[in-house]
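# I would like the atomic coordinates for the input below:
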Amino acid sequence: FVRQFVLWDCKVMFTLTNESSYVERKTTQMKKIVALVGVGVLSLAFISSTCSSHAGESISSNTEKLAPAQGITFKKKSFEEAKKEAKKSGKLIFIDAYTDWCGPCKRMAATSFKDAKVGEMFNKNFVNMKVEMEKDADGPELARKYRVVAYPTLLIVDGNGKLVKQAVGMKSSDQLIALAKSVL
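As a prediction, the model looks like this:
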C-alpha cells in the first residue's frame, strides 16, 4: 500500500511539475505577443500622426506653387438637353460612355480628362457629357443606339444625334486632342 501511494504521489508531482512549466512557458509567450502588439499599435499611431501633420503642409505648398489645372467640365444633363444646347451653340456633343467598374475609365477621369490643354480644347468646342452606361437614365438607350460594347467609349455626336466619331479604349491627353481636332 505504501509503495502504491509513493508511486501515485510521484506521478502527481511529476504531472504538476510538467503542468506548471507548461503554464510558465505559455505565460511567457503571451507576454511577448502582448508586447509586440503594443509596440505595433504605438508605431502605427506615431506614423499616422506624423503623416497627417505633414500631409497638410505638402498639399498647401504644392497648391501655392502650381496653378490649378482645369480639365474637361462635364455637364450633368440629359441627352435631349445636350442636343438642344449643341444646336443652339453650334457645338458638337462629346460623350464619355463609361461604367463604374471600368478601370481604364477611372484612369482617364483621373488623368487625361483633368489635363488643362484637353480641358481648354473640349470646353471651348464641345458640350461635354459623362454617361454611366448601366445606371444613368440615358445610358442603356445610348449604348444601343451607338452600339457601345466596350468601355471607355468616346462618342462625338452632332445636335441632331447623328454619330460623328466613335473611339474605344483609354486615350492619353494627346490622343484626346487629336480626336477633337479630327472632327473640328
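# Show me what counts as buried in stretch 152-167.
Of the residues in stretch 152-167, those with enough neighbours to count as buried (16 or more other Cβ atoms under 10 Å) are 152, 153, 154, 155, 156, 157, 159, 166. The way it works is simple: take the backbone N, C-alpha and C, and place the C-beta from them, glycine included.
# which of those residues lies closest to residue 86?
Distances from residue 86 to those, taken as Cβ to Cβ, are shortest for residue 159 (3.8 Å).
# That closest one reaches residue 79, doesn't it?
No - contact between residue 159 and residue 79 fails when scored by Cβ atoms under 8 Å: they sit 11.3 Å apart.
# picking that back up, tell me the two of the buried residues of stretch 152-167 that are most distant?
Between all members of the buried residues of stretch 152-167, the longest pairwise span (Cβ to Cβ) is found for 152 and 159 and amounts to 22.9 Å.
# which strands and helices sit next to the host helix or strand of residue 127?
For residue 127, the enclosing helix or strand under DSSP states H and E is strand 126-132. Strand 126-132 makes packing contacts with helix 79-89, strand 92-98, helix 139-145 when contacts are defined by 3 or more Cβ pairs under 8 Å, 6 or more residues apart in numbering; DSSP states H and E.
# Quickly run through the sheet partners of it, with directions.
Strand 126-132 has the following sheet partners, assigned by DSSP bridges: strand 92-98 (parallel).
# Check the gap between the spatially most central residue of the chain and residue 152 for me.
Per Cα atoms, centre = their mean, the C-alpha nearest to the average position across the chain is that of residue 106, at 7.0 Å. Note on residue 106: its distance to residue 152, by Cβ to Cβ, to the nearest Å, is 9 Å.
# Can you give me the buried ones in stretch 119-131?
Neighbour counts over stretch 119-131 (16+ other Cβ under 10 Å) mark 119, 121, 122, 123, 125, 126, 127, 128, 129, 130, 131 as buried.
# what's the angle between the helix or strand hosting the second one and helix 79-89?
Taking DSSP H and E as the criterion, residue 121 maps to helix 116-125. On the basis of axes from the mean of the first three to the mean of the last three Cα atoms, to 10 degrees, helix 116-125 is oriented at 80 degrees to helix 79-89.
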